[in-house]
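In: here are the coordinates; sequence isn't available:
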């Protein structure tokens, strides 16, 4: 790309216009571009490499719990989609429909999968006969299509990448256990790899998945105080099982319906990483998920020995298991620093003639800009520690930001004041009536994010209607 | 699955009906099933795990050559597809067309990608300005759709999984170099991992890719003597560059067209593995690509100490880096052997009370059934050697089979006789005239597989018309 595209001056300050800052970062860090199909993304190498790391690590966590990967067709016949009433009502309005194969009109039109519950039901009803065949714990990594009117990079697009796990079990208890197990996997992954702390909880009936008995969610707070739903896990009970005749013979030779779950996490999480950790210089990637963890940048590289020594340093850190690159282009060091910062590479190593003379290098952290002088022969030992500290501190900083922007409202006036003036989560009690949920949304645009597992008794009455409260809810404006 | 589905008796002998044998193996090894969408596959865990191994290893080979992964939209606007004349003529007849998003008819219909040249052209024309931006070496792993009338598991389906690499370069030489480099990567991968020897060569103009200047191919011989095109690499020259205005400014500040390649390998290779290595007992997987390399099977497992010792053996081989499982189900040992054989797991370890008393286990190779008695404390050292030998011998056996079924025809009578009576490759000279190619196809149903890089001068005249010969061609009936 032309050099002028990469100047940090082209990034709008966060404080001035957060939405524009986000768009600028996505563009300058070369994560994605829009294509000529409205709302469909081209995910570029810098963006896709993050997704590959997410995939690799999350997939390993899935497999540790016994999950197996499969691949299902991308098309769903209309009649199959129609078999579960709530489900089709939820998804039909945003389906892309295939009507022709070559020159011929199809007898039945096909939906490009918005999600694949119906296909997994078709498969499971076919291959499961006995309790010995249970559970089935299948997952697929694929792209799905939901026709969106308004789109934002990674957060909302007509096509996006995700994984969708679909499991069936002999009992309701086992299905519920799996639903929560996978929610915990998501939350652990986001905290440990993406350095994003999550609120775990259950969605209200209004916000649950089309066809689910219960939906559970992990919710994160972005830098601008808006919430982002980052992954969901659904318990379907035996609703789909009845619609699709998914039965098995139990140990007593009785026919039973299976109990089912599904759970998904998407490229949306890349948007979360940008909006939780980014700053006015661009992206800041947590070391564990960063495709490149350190950029070695030679200073005065035309001078004898500089490139050689920089190359040795590169090899030393690679040997220590660090994902490292070197920037040997003829750009100025300042320019190289700027590019490394825009792309969010967690650290850089500066090495010039004076450093070499002193037998040292300078390590600069992307998040704090903290500089550490490290003897060259200790770099392989010190850099992993710096990255580890950075990863931990990024999580703690994100947690502190979230906690500082989480408020308690006991009255409706307080609630409205916070939503209007203090971007963040609001914790408030709720009576459980959907009328209050709708009124809050209409009055403030805030939505219920979840009924958290960690409940608090803030007050005895609903923040909206004043009737007896049933549960504490996290509220917020959301992406 | 119900037990009766797994009996090896349900596999038709290869010699009786090869096509039915293939279908039976795919089904009994639980590799895939058809869905309710005609010609679309559900790839089950046993099948998908093979693809994951192909992906992991091939992707690493790509990245070593500088390739970066991206993800492009699955939809192509009709006008974009139309921009390169040969290309659209080749693909439009088999496109699936999206005409509606939700309830609304689209202004322009969208093709579900049959391949993504046009999208990469759109991207490259947008992001490349100067020679400094070249080369671009992008690849994506995705599914593509080509509406097929007749389908066969893994070999031909309306949707299939593949990777497609798309590169652009400053010069024609560089593009040609990359085209051949990637063909070599494919051939090396197939030989080293899939244990399938490949004939490398160039396709005739009749058989080349829609829009390519030259198409190169790797061709393998299946057990029934039919050929399978297993991967292709195309040099586009500057044809697409002109249609899509992909230019760059060279060092002398002159505007130049880029030179382009693309290359793809698909789930078809799973079909090749089945048809090259399988036998009447089912699948036989080469150890390097097998998701599970050894199945530990306890004999008389109810007897004290058997399961413990079998568990120790499992841990020992896992520690040696071998992908291992244990079958502790209550099925009989004979049944377990049969399942391990049907699924093509390269080796099994039999361990019973007598073995334990003697301090040994029995290792059985899937391909040759050869049994080796190994002292328990040497299993971690011996099993990797057995797998390595098996991998090498499977390649050599496939090569010997191919060589024994490769014939030379100098006259047209010889040619027709071989095609009719001796399934395999036929090497014969060709004048270069498409008329002869068409006549051969019409007379014999054989097609030109490739003009191999390793040319031989078998005769001075074309096997079909008798005019002066230009090149030696591999011919054969093909999948």
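Out: Yep, it's here. Bear in mind that the values here come from a model prediction, so they are computed numbers and not experimental data. Numbering: from 1, shown residues only, chains lettered A, B, ... in the order given.
In: quick one, strands of the stretch 201-350 of chain A?
Out: Assigned by DSSP state E, counting those that start in this stretch, the stretch 201-350 of chain A shows strands spanning A:214-221, A:227-237, A:247-249, A:255-257, A:259-266, A:294-298, A:324-326, A:347-351.
In: Residue A:300 - nearest residue in space that isn't next to it in sequence?
Out: Nearest non-adjacent residue to residue A:300, counting by Cβ to Cβ, 6 or more residues apart in numbering or on different chains: residue A:352, 5.1 Å away. In this view, the C-beta of every residue, glycine as well, is placed from N, C-alpha and C.
In: hang on, the earlier thing: between the strands of the stretch 201-350 of chain A, which one is closest to residue B:373.
Out: Across the strands of the stretch 201-350 of chain A, residue B:373 has its closest neighbour in strand A:247-249 (42.1 Å, Cβ to Cβ).
In: Now the closest one: buried residues?
Out: Neighbour-count burial for strand A:247-249 flags A:247-248 (criterion: 16 or more other Cβ atoms under 10 Å in any protein chain shown).
In: For the nearest residue to residue A:181 once chain neighbours are set aside, list the residues it contacts.
Out: Excluding its sequence neighbours, the residue lying closest to residue A:181 (Cβ to Cβ, 6+ apart) is residue A:65, at 6.4 Å. If you count contacts by Cβ atoms under 8 Å, 6 or more residues apart in numbering or on different chains, residue A:65 has them with A:137, A:181-182, A:185.
In: Just the ones of those residues in helices?
Out: A:181-182, A:185 (DSSP state H).
In: could I get those as CSV with distance to residue A:389?
Out: Formatted as CSV, these follow (distance: Cβ to Cβ, whole Å):
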residue, distance to residue A:389
A:181, 31
A:182, 30
A:185, 25
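In: Output the below-cut-off pLDDT ranges for chain A.
Out: Within chain A, the stretches falling below the threshold (pLDDT under 70) are A:1-8.
In: And the residue of it most remote from its centre, how close does it get to residue B:230?
Out: In chain A, the residue that sits farthest from the middle, by Cα atoms, centre = their mean, is residue A:304; the gap is 45.8 Å. Distance check for residue A:304 against residue B:230: by Cβ to Cβ, to the nearest Å, it reads 50 Å.
In: hang on, the earlier thing: select, out of the strands of the stretch 201-350 of chain A, the one closest to residue B:440.
Out: Nearest to residue B:440 among these is strand A:259-266 (51.4 Å), distances taken as Cβ to Cβ.
In: quick revisit: of the ones in helices among the contacts of residue A:65, closest to residue B:326?
Out: Closest approach to residue B:326 among the ones in helices among the contacts of residue A:65 (Cβ to Cβ): residue A:181, at 23.7 Å.
In: can you list the residues of the stretch 151-300 of chain A near chain B?
Out: Residues of the stretch 151-300 of chain A lying close to chain B by Cβ under 8 Å from any Cβ of the partner chain are A:158-159, A:161.
In: related to what we said a few turns ago, check contacts around the residue nearest to residue A:300.
Out: Residue A:352 makes contact with A:298-300, A:303, A:306, according to Cβ under 8 Å, 6+ apart.
In: Quick check: of these, which has the highest neighbour count?
Out: When neighbours are taken as other Cβ atoms under 10 Å in any protein chain shown, the top entry among the contacts of residue A:352 is residue A:298 (27 neighbours).
In: So what pairs up with it in the strands?
Out: Beta-bridge pairing for residue A:298 (DSSP bridges): residue A:351.
In: Roughly how far does it sit from chain B?
Out: Distance, residue A:298 to chain B, using Cβ to the nearest Cβ, to the nearest Å: 19 Å.
In: Would you mind giving me the PyMOL syntax to select the buried ones in the contacts of residue A:65?
Out: Buried members of these can be picked out in PyMOL with the line below, counting by 16+ other Cβ under 10 Å:
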select buried, chain A and resi 137+182+185
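In: Looking at the contacts of residue A:65, which one is closest to chain B?
Out: Set against chain B, the nearest of those by Cβ to the nearest Cβ is residue A:137 (9.5 Å).
In: Pull the contacting residues for the closest one.
Out: A:65-68, A:165, A:167, A:178.
In: In the helix ranked longest in chain A, which residues are buried?
Out: If you go by DSSP H, chain A has its longest helix at helix A:379-404. Buried positions in helix A:379-404, judged by neighbour count with 16+ other Cβ under 10 Å: A:379-380, A:382-384, A:386-387, A:390-391, A:394-395, A:398, A:401-402.
In: tell me which strands and helices the next helix or strand after it is in contact with?
Out: Remark: after helix A:379-404, the chain's next helix or strand is strand A:406-408, criterion DSSP states H and E. Under the contact definition 3 or more Cβ pairs under 8 Å, 6 or more residues apart in numbering or on different chains; DSSP states H and E, strand A:406-408 sits against strand A:425-430.
In: Okay, angle between the strand it packs on and helix A:379-404 too, please.
Out: Counting by axes from the mean of the first three to the mean of the last three Cα atoms, to 10 degrees, strand A:425-430 lies at 40 degrees to helix A:379-404.
In: which residues touch strand A:425-430?
Out: Here strand A:425-430 makes contact (Cβ under 8 Å, 6+ apart) with A:199, A:221, A:227, A:402, A:405-410, A:415, A:418-419, A:436-437, A:446, A:448-449, A:451, A:456-464, A:469-476.
In: From those residues, keep the buried residues only.
Out: For these, buried by 16+ other Cβ under 10 Å: A:199, A:221, A:227, A:402, A:405-409, A:415, A:418-419, A:436-437, A:446, A:448-449, A:451, A:461-464, A:469, A:471-476.
In: Out of these, which sit inside helices?
Out: Judged by DSSP H, the buried ones among the contacts of strand A:425-430 include A:402, A:415, A:418-419, A:436-437 as members of helices.
In: near chain B too, which of these?
Out: Among these, no residue is within reach of chain B (Cβ under 8 Å from any Cβ).
In: can you pull out the helices in the stretch 51-200 of chain A?
Out: Along the stretch 51-200 of chain A, the stretches classed as helices by DSSP state H, counting those that start in this stretch are A:78-81, A:85-91, A:117-127, A:172-192.
In: ranking those helices by burial, who's on top?
Out: Counting by mean count of other Cβ atoms under 10 Å in any protein chain shown, helix A:117-127 has the highest mean neighbour count of the helices of the stretch 51-200 of chain A, with a mean of 23.
In: Any idea how far that one is from the middle of the chain?
Out: Put simply, helix A:117-127 sits 27 Å off its chain's centre (Cα atoms, centre = their mean, to the nearest Å).
In: for stretch A:378-398, same thing?
Out: 22 Å.
In: before we move on, the earlier item: would you list the phi and psi of the residue nearest to residue A:181?
Out: Per-residue torsions, residue A:65: phi -100, psi 10 (degrees, to the nearest 10).
In: buried residues in stretch A:10-30?
Out: Buried residues in stretch A:10-30 (16+ other Cβ under 10 Å): A:11-12, A:14, A:18, A:21-22, A:24-26, A:28-30.
In: Now for these: which two are most distant?
Out: Farthest pair in the buried residues of stretch A:10-30, by Cβ to Cβ: A:18 and A:30, 20.5 Å.
In: okay, now the domains of chain A?
Out: Domain ranges of chain A: A:3-277, A:294-387, A:406-476, per automatic domain parsing.
In: So which of the ones you listed has the densest surroundings on average?
Out: Highest mean neighbour count of the domains of chain A: domain A:3-277, a mean of 20 (counted as mean count of other Cβ under 10 Å).
In: picking that back up, next, format the buried residues of helix A:379-404 as JSON lines and append distance to residue B:242.
Out: Converted to JSON lines, the buried residues of helix A:379-404 look like this (distance: Cβ to Cβ, whole Å):
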{"residue": "A:379", "distance to residue B:242": "50"}
{"residue": "A:380", "distance to residue B:242": "50"}
{"residue": "A:382", "distance to residue B:242": "53"}
{"residue": "A:383", "distance to residue B:242": "48"}
{"residue": "A:384", "distance to residue B:242": "50"}
{"residue": "A:386", "distance to residue B:242": "50"}
{"residue": "A:387", "distance to residue B:242": "47"}
{"residue": "A:390", "distance to residue B:242": "49"}
{"residue": "A:391", "distance to residue B:242": "49"}
{"residue": "A:394", "distance to residue B:242": "48"}
{"residue": "A:395", "distance to residue B:242": "52"}
{"residue": "A:398", "distance to residue B:242": "50"}
{"residue": "A:401", "distance to residue B:242": "52"}
{"residue": "A:402", "distance to residue B:242": "54"}
